[in-house]
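Engineer: give me a 3D structure for the following:
(one chain, ligands or ions: 2)
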Amino acid sequence: MAPPRADYSVYLVTARSQVPAGVDYLDALRAALKGGVTLVQIREKDVETDEFLDIARKSLEVCDEFKVPMLINDNLSVALALAPHVGLHIGQSDLPVSQARALLGPDRLLGISVHSVEQARDARTSGADYAGVGPIYGTQSKAGIVDDDVLGARQAAQIIEALDGLPAVLIGGLNQQTAARALFGASSPTAAPAGIAVISAIMARKDTEVAASELAEQVAAFKASRAEQSAEQLRAAFGAGSSTDVKALVERSALLLSSLRNGSPPLIQTLTSHVSSTLSANVTLALGGSPIMSAQEAEADDLGKVTGAVVLNIGTIGAESRRGMKAVGSAANRGRKPVVLDPVGVGASAFRKAAVNEIMDHTQITLLKGNAAELSAIAGLSEVTSRGVDSGAGSLSDPIGLVSSLARRERCLVLLSGKTDYLSDGARTLACENGHALLGAITGSGCALGVAIATGLAAANSAGEAQKSTMVKAQPDDLIAGALMGLLCMTIASELAAARPEVRGPGTFIAALLDALAAMDAETLVQHAKVRLV
Ligand SMILES: Nc1ncnc2c1ncn2[C@@H]1O[C@H](COP(=O)(O)OP(=O)(O)OP(=O)(O)O)[C@@H](O)[C@H]1O
Ligand SMILES: Cc1ncsc1CCO
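Structural biologist: Ligands and ions are numbered 1, 2, ... in the order given. As a prediction, this is how the structure comes out:
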């Protein structure tokens, strides 16, 4: 394992073309270094060697003032022409790292771009000091389809593990909005990125120093939280709490219902299908939350400051709501608010699959909820296939294995809905037998369940202190109890509603369901809950 030879925290790649009009490039570089940039790479694509050398020399004077290492992109002769402490960064199609190392000697910093696990395995013994891993995120094309070569934070985690200790810098689409999720998502219990590389997030801003310091703060917070976690805690599945006392968890969920009813209603921001929007908003209200159904990217940051939890439901997702989901999810992560993902019909089309992948790469999900077909599709199983947005009678041979492995893989709670609902945090799995078949006879009951769960998670989160290892405030036992609260309210209310004499079918059932939800209290919840540890 190569020792780190530099501080890779905030790695600036320069681009003179991005500096705003009226701002001098060298002034911008100086401000960026003042703000906390720890490493600088000079990238000049379409210039003659003389000009490259000239700009590199001037940049080096500024970097030397701050004692921050500088590297040259791609051009060995420029690097060699400069002082012996100037390094080189090369891509996969440039000269081999071993040759570059031989020509540069042992002392100059040398980096390589890596885009796959295979390249990562080669890089670790190549003589490079670090690897640039990316592109983590890309730019969306007009059709709303993500670039094919974008890795995403979760795939980057596998590459970083394969680097086996060689420092990794994340690069591609990183900025003040995306950095926190990228760092967390690209980490695993045994490996984490050493920093982030940015271009426009610093170079294109007029307040260069502020831009750099915002990023430096985010990286420092990430590193501090990892340093504070014991190896044991990092190995433990996300959210793995201590309690396996089901009775206590159910009682905890009943308490959360009472606190929800007695406190000020949390704002539940739901991005959902036009099919289930009204039912979901009414379910939120009946439980004691305050619904807002907005998928607008433009108001994501403002709403993110006041929401209690968010729901990302892809039921009728389009280009606009897809952008909205990225922005809302990212704002929720930054504010440590719970995020429920409802990947409606994800197995039905490549478009839905890509949208879900994109959401999960941009947002750390708190709870992933789906029926058998949806969760099978996400897990990559072909056991239950999907022909639409409703589950039908999908049966899985190993539902417990599915939810617990998905929970560990995605570091979130997972709820598999159906006749029996399974809720897992990767370490514990609960089975819930409550619910009535009439729920399956109305459209959007699964969507409304997601919203009920988000309301429960909001109640749990408002009681919590910031957790270091995760992207919500609630403690693990509270989080699972919050999810259980939403699930039990919905399923028990469906039983009580179906038993009403006036209920004769799906239509009358919807009205009675809302009434039963509004009347639900802690005592009823505890009395009717049919939950066991499996
Ligand atoms: N046969 C059943 N018996 C009891 N409860 C059921 C039954 N079918 C569904 N449910 C309940 O209905 C709720 C929604 O789950 P379901 O799996 O039907 O969602 P879905 O397929 O995503 O629905 P939709 O697409 O209509 O929103 C769950 O809480 C589940 O417990
Ligand atoms: C019917 C339907 N179509 C897209 S979303 C939805 C609601 C069930 O999820």
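
Engineer: please make it C-alpha for all contacts and neighbour counts, starting now.
Structural biologist: Will do.

Engineer: from the contact counts, what lies against the longest helix anywhere in the chain?
Structural biologist: Secondary structure of the chain per DSSP state H: the longest helix is helix 476-498. Packing partners of helix 476-498 (3 or more C-alpha pairs under 8 Å, 6 or more residues apart in numbering; DSSP states H and E): helix 246-262, helix 445-462, helix 506-519, helix 522-528.

Engineer: and the contacts of the first one?
Structural biologist: Outside helix 246-262, the residues within contact range by C-alpha atoms under 8 Å, 6 or more residues apart in numbering are 243, 266, 287-289, 456, 459-460, 477-478, 480-482, 484-485, 521-523, 525-526, 529, 531-533.

Engineer: rewinding a little: okay, buried residues for the longest helix of the chain please.
Structural biologist: Neighbour-count burial for helix 476-498, counted by 16 or more other C-alpha atoms under 10 Å, picks out 476-498.

Engineer: and it, how far out from the chain's middle?
Structural biologist: From the chain centre to the centre of helix 476-498 is a distance of 25 Å (C-alpha atoms, centre = their mean, to the nearest Å).

Engineer: now it: average pLDDT?
Structural biologist: Helix 476-498 comes out with an average pLDDT of 96.

Engineer: so residue 482 sits against residue 453, correct?
Structural biologist: Yes. Contact criterion C-alpha atoms under 8 Å: residue 482 and residue 453 qualify, at 7.1 Å.

Engineer: what number of residues lie near residue 426?
Structural biologist: Residues contacting residue 426 under the criterion other C-alpha atoms under 10 Å number 27.

Engineer: list the buried ones in stretch 453-462?
Structural biologist: In stretch 453-462, counting by 16+ other C-alpha under 10 Å, buried: 453, 454, 455, 456, 457, 458, 459, 460, 461, 462.

Engineer: pretty sure the fifth one contacts residue 309?
Structural biologist: Yes. The pair formed by residue 457 and residue 309 meets the contact definition of C-alpha under 8 Å, at 7.0 Å.

Engineer: overlap of the contact sets of those two?
Structural biologist: Listed as contacting both residue 457 and residue 309 by C-alpha under 8 Å, 6+ apart are residue 338.

Engineer: just to revisit the earlier point, I'd like the buried residues of stretch 453-462 laid out as JSON lines, including distance to residue 91.
Structural biologist: Formatted as JSON lines, the buried residues of stretch 453-462 follow (distance: C-alpha to C-alpha, whole Å):
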{"residue": "453", "distance to residue 91": "46"}
{"residue": "454", "distance to residue 91": "44"}
{"residue": "455", "distance to residue 91": "47"}
{"residue": "456", "distance to residue 91": "48"}
{"residue": "457", "distance to residue 91": "44"}
{"residue": "458", "distance to residue 91": "45"}
{"residue": "459", "distance to residue 91": "48"}
{"residue": "460", "distance to residue 91": "47"}
{"residue": "461", "distance to residue 91": "44"}
{"residue": "462", "distance to residue 91": "46"}
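
Engineer: can you verify my assumption that residue 462 contacts residue 474?
Structural biologist: Yes. Using C-alpha under 8 Å, residue 462 is in contact with residue 474, at 7.3 Å.

Engineer: contacts only, for residue 322.
Structural biologist: Applying C-alpha under 8 Å, 6+ apart to residue 322 gives the contacts residue 355.

Engineer: what comes up buried for the helix or strand hosting it?
Structural biologist: According to DSSP states H and E, residue 322 maps onto helix 319-334. Across helix 319-334, burial judged by 16+ other C-alpha under 10 Å covers 321-334.

Engineer: do it and ligand 2 meet at all?
Structural biologist: No. Under the criterion of C-alpha under 6 Å from any ligand atom, ligand 2 is not reached by helix 319-334; the shortest gap measures 13.4 Å.

Engineer: does ligand 1 sit close to the following helix or strand past that helix?
Structural biologist: For helix 319-334, the succeeding helix or strand toward the C-terminus, using DSSP H and E, is strand 339-342. No. Judged by C-alpha under 6 Å from any ligand atom, strand 339-342 stays clear of ligand 1, getting no closer than 8.1 Å.

Engineer: coming back round to it: list the residues that contact both of residue 482 and residue 453?
Structural biologist: If you check residue 482 and residue 453 against C-alpha under 8 Å, 6+ apart, no residue is contacted by both.

Engineer: show me which residues of the stretch 401-534 of the chain sit near ligand 1.
Structural biologist: 417-421, 435-437, 439-440, 443-447, 491.

Engineer: restrict these to those near ligand 2?
Structural biologist: Among these, the ones lying near ligand 2 by C-alpha under 6 Å from any ligand atom are 443, 444, 447.

Engineer: give me the pLDDT value at the first one.
Structural biologist: Read it as residue 443. On pLDDT, residue 443 comes in at 96.

Engineer: quick one: name whatever helix or strand follows the strand or helix carrying residue 302.
Structural biologist: If you go by DSSP H and E, residue 302 is part of helix 300-304. Using DSSP H and E, the helix or strand that directly follows helix 300-304 along the chain is strand 307-313.

Engineer: okay, angle between that following strand and helix 319-334 too, please.
Structural biologist: Calculated by axes from the mean of the first three to the mean of the last three C-alpha atoms, to 10 degrees, strand 307-313 forms an angle of 140 degrees with helix 319-334.

Engineer: mind listing what's buried in strand 307-313?
Structural biologist: For strand 307-313, the neighbour count (16+ other C-alpha under 10 Å) marks 307, 308, 309, 310, 311, 312, 313 as buried.
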